[in-house]
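Asks: What would the 3D arrangement of this be:
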Amino acid sequence: LYTATLQLSPLMAGRSDDDKTVKANSNLPMLKKRILSDENIPQSAVKRLRDNGAASTRPKLATDIAAKRSFENIRLKISSSPPAKQSLENVRPKVTSATVVGVPTKATGRKPVPAVVPATVSKTAPSVVVSKKRPGWDLKGQVADMQEKVSVYKGKMHYLTELNRSLQEELELVKSHLKNSKAEAFNAHQQISAKDLEVKTLLAVQQDLNTELQESKTELLNVKLDRDNFFNVCNTQKEDLDGLRATKQNLSNLLELKEGQMQVTEANLSQAMHELEQLRIRVADLKAETARQANELCAQEMQRRKLHNIIQELKGNIRVFCRVRPLIGVEKEKYEQIEHISFQDDRSIILYKVEESHTGRERKEAVKYHFDFDCVFQPTTTQEIIFEELSLLVQSALDGYHVCIFAYGQTGSGKTYTMEGPDIVTLDTMGMIPRAVGQIFKRVDELKNKGWKYSFTASFIEIYNETIRDLLVSKPEKNVEYEIKRVSQTSEELYVTNLKYKTVTSEEEVHRLLQIARTNRSVAKTAINDRSSRSHSVFQLKIVGRHEDRDLNASSVLSLVDLAGSERLDKSLSTGERLREAQAINTSLSTLGLVITSISNKESHIPFRNSKLTYLLQNSLGGNSKTLMFVNISPCEENFSESLNSLRFASKVNECVIGTAHANRR
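Replies: Numbering: from 1, shown residues only. All right, here's what the predicted structure looks like:
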């Protein structure tokens, strides 16, 4: 009975949870206590019965706990399924809440599980009639009492048997219900899985809907912003439209005004067209007049060149200018004034020399040496005034004549200053070479308006010890020879092999070339001059001009020469290399004088080849050229002999008469 009750107590506990009217608070030991509590049962029998019940329950405790856990799991599954409970109520027999049996559960500590007694079982068990304790001698009475108690016990056993049978039936019903509940639980589990899948699908759909909702919100926000921008643009365009309407009205008014003005303009235009036609006729007449005047101007230009050439020929194709430099540096302290030189006019110069007697007792009168030249420049004469006298000669170079200007004199007499200027050049101290170049380019700009176009080629050399050097090359190459040759057998034009010819287009380019040449020129210190030029420098500018309309060509060479200074060997005290330089310089200068004399005497042979200088300048020294010689004089009386020799050589050149020069024009 205890075992059956223990197995059914979890199921009945689940039933008692559904039937709130049944409340069980008793357990099986308490039932035994109630059954064996009859006072007529001997205490020894009661003790033996208790010991047997306790002993019978101990071995089954682990099994009861496992069975209890199994039924507890079944109960939890049944309690979680409402349909199962309903089916259990349908199959459960009608019971009354009479006697409840409970089993203690030590493992789980839960309250006793109630059990309901079926209605077919009597509500109360037969009770034991308690009689008065008989005396020891009344054995018959005691036997009767014992029989009565046995009868009672049999009734109780019958009751318990019926109760067990009822519980077995209840167990079968519960098992059937459990089977149905398992099937329903499986179906419910399938439905739950389907629902879970559906829930997951719905959650995914919800996530997508949330994403779409967020995107829709963002799109809605953008649409609102676009709407606001659209409204702003509309307002702006509305304002612009109002402005355009106002502008349209103003333009309409202006159009009406312009139409009125246009009518007036058309009338004026008609009158202007008539005047234009008259002006065209006038322009045609003026063009014809301009052409006639251009022809006259060209003829006058040719006449001017012819007259200019005649004037230069009247002055002499070989002209000589004399220049006396001023005292400089320590010379001003040594000589207060220049006493041995006097000037009668701008063409004459006189040198005075006081000679003593051989005995030294008498002093003779001063000897005068009188010289006449084309121009004589005193020490106070500026570079600008000197250039004015030779500017007409530079003009002849543009007209197609070969022109040669060279400076001659002893070392230290101012030749380089006259031709190039000082080391630091200013507008006032600029020499003849840069001034001549400036005049040429200035005149070329004027001739462009008359149809002339010019090109220029420059070269700058020095002749040192009868060797040609290119002054435009800072680092000359070794074993490079410079030879003077003719362009062709039929041409008189000369050129120097391996020489650097530079095409120039402006005055500034020529000035840069002059600066390079000044740096590369050979100079040395002597007893007479601290910076003596030891070579002849020759700057040549080839000029080529053309007049397209008249088909005229003109070419010439402007040669500007700074000769090395002549010197007396007994005064210069030159030795070694300086001595050889002085001898070469004096030889070339003597050859120059000999060539000029031969040209003046119209000799059949002119010794141009005796010197590189005269060979290079032969086209500028002959009869088809114009030549100007500067003779430079030192103001120091100690240089009287050198000054006298220079003036005598210049006077001899001035007396030379060469043939008439012809322009190189085609």
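
Asks: ok, and what's touching stretch 345-357?
Replies: The contact list for stretch 345-357 (C-beta atoms under 8 Å, 6 or more residues apart in numbering) reads 322, 324, 339-344, 362-377, 633, 640, 643-644, 647. Where you see a C-beta, it was placed from the backbone N, CA and C, and this is true even at glycine.

Asks: and it, which residues are buried?
Replies: Residues of stretch 345-357 classed as buried: 349, 351 (neighbour count, 16 or more other C-beta atoms under 10 Å).

Asks: Now that stretch - C-alpha only, PDB.
Replies: Provided in PDB are the C-alpha atoms of stretch 345-357 (Å, rounded to 0.1, in the frame of the first residue of the first chain):
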ATOM      1  CA  ASP A 345      92.300 127.700 -83.300                       C
ATOM      2  CA  ASP A 346      90.400 124.500 -83.600                       C
ATOM      3  CA  ARG A 347      92.600 123.300 -86.500                       C
ATOM      4  CA  SER A 348      96.200 124.200 -85.400                       C
ATOM      5  CA  ILE A 349      98.500 123.100 -82.600                       C
ATOM      6  CA  ILE A 350     102.000 124.400 -81.800                       C
ATOM      7  CA  LEU A 351     104.700 122.700 -79.800                       C
ATOM      8  CA  TYR A 352     107.400 124.800 -78.100                       C
ATOM      9  CA  LYS A 353     110.900 123.500 -77.300                       C
ATOM     10  CA  VAL A 354     113.600 125.700 -75.600                       C
ATOM     11  CA  GLU A 355     117.100 124.600 -76.700                       C
ATOM     12  CA  GLU A 356     120.300 125.600 -74.800                       C
ATOM     13  CA  SER A 357     123.700 126.200 -76.300                       C
END
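
Asks: what is the rounded mean pLDDT of it?
Replies: Averaged over stretch 345-357, pLDDT sits at 81.

Asks: And for stretch 492-508?
Replies: 90.

Asks: what comes into contact with that stretch?
Replies: Under C-beta under 8 Å, 6+ apart, the answer for stretch 492-508 is 434, 437-438, 441, 455-459, 461, 468, 470, 472-473, 480-487, 509-510, 513, 542, 616, 618-619.

Asks: Endpoints of it, how far apart?
Replies: 31 Å (C-alpha to C-alpha, to the nearest Å).

Asks: Check stretch 345-365 too.
Replies: Using C-alpha to C-alpha, the end-to-end distance of stretch 345-365 comes out at 23 Å.

Asks: re the thing from before, out of the contacts of stretch 492-508, which sit inside strands?
Replies: Counted as lying in strands by DSSP state E, out of the contacts of stretch 492-508, are 455, 456, 457, 458, 459, 461, 468, 470, 484, 485, 486, 542.

Asks: Just the buried subset of these, please.
Replies: 456, 458, 459, 461, 468, 470, 484, 542.

Asks: Quick check: the fourth one touching residue 473?
Replies: No: the pair formed by residue 461 and residue 473 falls short of the contact definition of C-beta atoms under 8 Å, at 10.1 Å.

Asks: Could you list the low-pLDDT ranges of the stretch 51-200 of the chain?
Replies: Judged by pLDDT under 70, the stretch 51-200 of the chain has its weakly predicted residues at 51-132.

Asks: got it, and the chain?
Replies: 1-132, 298, 301-306, 308-317, 355-364, 522-533, 567-576, 622-624, 657-666.

Asks: and the top helix by length along it, what does it pack onto?
Replies: With secondary structure taken from DSSP state H, the chain has its longest helix at helix 139-315. Applying 3 or more C-beta pairs under 8 Å, 6 or more residues apart in numbering; DSSP states H and E, one finds that helix 139-315 contacts helix 2-18, helix 61-79, helix 82-91, strand 117-118, helix 383-398.

Asks: mind redoing it with 6 Å?
Replies: Contacts defined by 3 or more C-beta pairs under 6 Å, 6 or more residues apart in numbering; DSSP states H and E place helix 139-315 against helix 2-18, helix 61-79, helix 82-91.

Asks: so after it, what's the next helix or strand?
Replies: strand 318-324 (DSSP states H and E).

Asks: Off-centre distance for stretch 439-455?
Replies: Relative to the chain's own centre, stretch 439-455 is displaced by 45 Å; criterion: C-alpha atoms, centre = their mean, to the nearest Å.

Asks: Only alpha carbons, please: show it as PDB.
Replies: Only the C-alpha atoms of stretch 439-455 are listed here, as PDB (Å, rounded to 0.1, in the frame of the first residue of the first chain):
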ATOM      1  CA  GLN A 439      74.100 106.300 -83.500                       C
ATOM      2  CA  ILE A 440      73.900 103.500 -86.100                       C
ATOM      3  CA  PHE A 441      71.000 101.700 -84.300                       C
ATOM      4  CA  LYS A 442      69.200 105.000 -83.700                       C
ATOM      5  CA  ARG A 443      69.500 105.900 -87.400                       C
ATOM      6  CA  VAL A 444      68.300 102.400 -88.400                       C
ATOM      7  CA  ASP A 445      65.100 102.900 -86.500                       C
ATOM      8  CA  GLU A 446      64.500 106.100 -88.600                       C
ATOM      9  CA  LEU A 447      65.300 104.400 -91.900                       C
ATOM     10  CA  LYS A 448      62.800 101.600 -91.200                       C
ATOM     11  CA  ASN A 449      60.000 104.100 -91.900                       C
ATOM     12  CA  LYS A 450      61.600 104.600 -95.300                       C
ATOM     13  CA  GLY A 451      61.600 100.900 -96.200                       C
ATOM     14  CA  TRP A 452      65.100 100.000 -95.200                       C
ATOM     15  CA  LYS A 453      65.900  96.900 -93.300                       C
ATOM     16  CA  TYR A 454      69.400  96.200 -91.800                       C
ATOM     17  CA  SER A 455      71.300  93.300 -90.200                       C
END
